[in-house]
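Trainee: Fold the following, please.
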Amino acid sequence: MDKAPQATGDARKLQLLLRFNQLISRRIELKPMIAEAMTQARELVSADRITLWLADEESGQLYTFVGEGLENEIRIRIGEGVAGIAARERRVVVVNDAYSSPLFNPEVDKRSGYHTKSLLAVPMQSMDGKLIGVFQAINRLDEAGSSEHGEFTEEDSELFASMAAIAAVFLENAVLYDEQQRQFRSFIVTLAQSVDSRDQTTSNHTKLVTGLSVAIAQEMGLSRRTVERIRIAAVLHDYGKIGIPDNVLQKPGSLDEEERAMMRSHVLKTILLLRRINFSRELRDIPRIAGMHHEKLDGSGYPFGLRGDEIPLEGRILAVADIFQALTQTRPYKQGMAVPEALSELRVMTRAHRDRYDNESGMHVDPLVVEALARILARENDDLGIFDEASKWERMLQGQII
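Mentor: Below you'll find the predicted structure:
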């Protein structure tokens, strides 16, 4: 018997397994990475579909974290169906004729609209034996690409178990990291809310500036990491107001010179307070970005009087979002502008101009950022509908967005 084809096949499987290991070890966004890894897993065991179930300890259920062909999350009890049995008994489960097996739960097919013929389910455990979830391959394909006569083999089980072990190590770390991120986000939102709650006239300001800043950053095609930095800086941009007395912060009318100076000091207070937070390396610029929202391109802004390229793009985005939100928001002492009027006002600020008090003024804001905002607003028929994005941060904390 010629062993060359078998050796070639074994070498390819080893290569795929190594590639799977490299892929799943990358520090990139979890769901896209898992989806790509599942594509490789499907190829490795010649399956039609792969599903990753994660364990929910509180409910005693498994839920589909990533499932090929699934539009909605599916939940099953641990101990129910092939994946549930694998989870409960912590063993590999192989079923090659699903509808004749007492282990198979046809309800999953009913909910997904898929017809299952064969399944291979492998439990994933942490280093200390805690259940993480189940890695499941569905419908083994034969050489002709049909699932009608395909059956999972012992070799498939061993390969799939190897992949599950690799995935388990990564997922354990990723879930821990995700929990830490959620705690961090919750912490900074709480900080921001502690300021907004003191001033009912601008209580929604942080949410709206955050939503608009993120939308502009995404419209400009910035990287996911940059968008996240902008999001966090926007949430915290007014945190220094925690040090402003209530009689100034909540004053319904115009501020006098001394009160204006006190209010302006909130930016430096923000920077100094945020520097006390031990941000990760990727977020180290947050205090600086958060302190840029009152800088102007002509150098007339505060607190540092930066001009032109001295103001990073993140700060320019934050400034436009902050100004636009302030222009459109109704307060006790002024009526908010309509969106078209506010946009026109911002466009005036992109060049040398005379302000509303007829004073000469230079360029205040970045025209590219303003035009990104204009494109967003042009797509919105409900004026401030774009601010629906502002609630994304809170929904993320509740686990509705990953």
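Trainee: Skip the chain neighbours and tell me the closest residue to R347.
Mentor: V370 (6.0 Å; CB to CB, 6 or more residues apart in numbering). From N, CA and C alone the C-beta is placed, and that goes for glycine too.
Trainee: Pull the number of nearby residues for that neighbour.
Mentor: 20 (other CB atoms under 10 Å).
Trainee: any idea which element it lies in?
Mentor: In this structure, V370 is located in helix 367-379 according to DSSP states H and E.
Trainee: CA atoms only: put that helix into PDB for me.
Mentor: Extracted in PDB, the C-alpha atoms of helix 367-379 (Å, rounded to 0.1, in the frame of the first residue of the first chain):
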ATOM      1  CA  PRO A 367     -13.000  71.000   8.000                       C
ATOM      2  CA  LEU A 368     -12.400  67.200   7.300                       C
ATOM      3  CA  VAL A 369     -14.000  66.400  10.600                       C
ATOM      4  CA  VAL A 370     -16.900  68.700  10.000                       C
ATOM      5  CA  GLU A 371     -17.500  67.300   6.600                       C
ATOM      6  CA  ALA A 372     -17.500  63.700   8.100                       C
ATOM      7  CA  LEU A 373     -20.200  65.000  10.400                       C
ATOM      8  CA  ALA A 374     -22.100  66.500   7.500                       C
ATOM      9  CA  ARG A 375     -22.100  63.100   5.600                       C
ATOM     10  CA  ILE A 376     -23.400  61.400   8.700                       C
ATOM     11  CA  LEU A 377     -26.200  63.900   9.100                       C
ATOM     12  CA  ALA A 378     -27.100  63.700   5.400                       C
ATOM     13  CA  ARG A 379     -27.900  60.000   5.900                       C
END
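Trainee: That helix packs against which elements?
Mentor: helix 205-219, helix 313-328, helix 339-348 (3 or more CB pairs under 8 Å, 6 or more residues apart in numbering; DSSP states H and E).
Trainee: Just want the phi and psi numbers for R281.
Mentor: When read as degrees, to the nearest 10, the backbone of R281 gives phi -60, psi -40.
Trainee: separation between it and E258?
Mentor: Per CB to CB, to the nearest Å, R281 is found 40 Å from E258.
Trainee: In terms of neighbours, single out the busier of those two.
Mentor: Legend: neighbour count by other CB under 10 Å for R281 and E258, higher for E258 (9 against 6).
Trainee: OK, contacts around the more buried one?
Mentor: Going by CB atoms under 8 Å, 6 or more residues apart in numbering, E258 touches no other residue.
Trainee: got it, and A164?
Mentor: 122-124, 135.
Trainee: for E314, same thing?
Mentor: Per CB under 8 Å, 6+ apart, neighbours of E314: 217, 226, 229-230, 233, 285, 289, 292.
Trainee: if we go to 7 Å?
Mentor: 226, 229-230, 233, 289 (CB atoms under 7 Å, 6 or more residues apart in numbering).
Trainee: out of the residues you listed, who has the most neighbours?
Mentor: A233 (29 neighbours).
Trainee: Distance of the closest residue to that one other than its chain neighbours relative to Y239?
Mentor: Spatial nearest neighbour of A233, chain neighbours left out: I289 (3.9 Å); criterion: CB to CB, 6+ apart. From I289 across to Y239, the span is 13 Å (CB to CB).
Trainee: got it, and R347?
Mentor: R347 is 30 Å from Y239, by CB to CB.
Trainee: The two: which is more packed in?
Mentor: Y239 (23 against 16).
Trainee: So the more buried one is in contact with L191, correct?
Mentor: Yes: at 5.7 Å, Y239 counts as touching L191 under the criterion of CB atoms under 7 Å.
Trainee: got the end-to-end distance for stretch 92-109?
Mentor: 21 Å (CA to CA, to the nearest Å).
Trainee: Let me see the residues that make contact with it.
Mentor: 74, 76, 80-82, 85-86, 115-122, 151-152, 157, 161.
Trainee: just checking, which of those belong to helices?
Mentor: 81-82, 85-86, 157, 161 (DSSP state H).
Trainee: Closest one of those residues to R275?
Mentor: A161 (48.3 Å; CB to CB).
Trainee: who's in contact with the nearest residue to M349 once chain neighbours are set aside?
Mentor: Nearest residue to M349, sequence neighbours excluded (CB to CB, 6+ apart): H364, at 4.1 Å. H364 sits next to 296-298, 349 when contact means CB under 7 Å, 6+ apart.
Trainee: Looking at those, which is nearest I166?
Mentor: Among these, and counting by CB to CB, the member closest to I166 is L297, at 50.3 Å.
Trainee: What residues does that closest one make contact with?
Mentor: 307-308, 311, 363-366.
Trainee: Drop anything exposed from those.
Mentor: Buried by 16 or more other CB atoms under 10 Å: 307, 311, 363-366, out of these.
Trainee: and which of those residues is nearest to T64?
Mentor: Using CB to CB, the buried ones among the contacts of L297 come closest to T64 at D366, 43.2 Å.
Trainee: Show the pLDDT at the closest residue to that closest one other than its chain neighbours.
Mentor: Distance criterion CB to CB, 6+ apart; nearest residue to D366, sequence neighbours excluded, is R316 at 4.2 Å. According to the prediction, R316 has pLDDT 97.
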